[in-house]
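structure of the sequence below:
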Amino acid sequence: MSKSKSEASDCCCSCKFWNAPETGTTGQCRAHPPTVVVRAAAESAFPLTEEADWCGEFVAGGTKAHEAHGHAKSAH
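Prediction:
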């Protein structure tokens, strides 16, 4: 099922909780505290998301990152 035009703009890159990268399209979701990740040692990390990803926690407000990645300003 594809998203409608209005839903398509409710992506990570237009969310106020998304920490946009300086380059590339993968940023950090900061909607919740970082989680513990066990690699060589335990550390904490925020989830990594792509700019076009979306979830049920979306809150409009990240228009700077949204526009910086070539998207039109959302009409929310």
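
OK, contacts around the closest residue to Pro34 other than its chain neighbours?
Once flanking residues are discounted, Pro34 sits nearest to Ser44: 3.9 Å by C-beta to C-beta, 6 or more residues apart in numbering. To be clear about C-beta, it is placed using only N, CA and C from the backbone, and glycine gets the same treatment. Counting by C-beta atoms under 8 Å, 6 or more residues apart in numbering, Ser44 makes contact with Pro34, Thr35, Val36, Val37.

my guess is Ser44 is in a strand, correct?
Yes: secondary structure of Ser44 (DSSP: H, G, I helix; E, B strand; the rest coil): part of a strand.

show me the contacts of Ser44 that map onto strands.
Here DSSP state E is the test, and the contacts of Ser44 give Thr35, Val36, Val37 as lying in strands.

most neighbours of all those residues, which one?
Ranked by neighbour count (other C-beta atoms under 10 Å), those have Val37 at the top, with 12 neighbours.

can you give me the distance of that one to Phe46?
10 Å (C-beta to C-beta, to the nearest Å).
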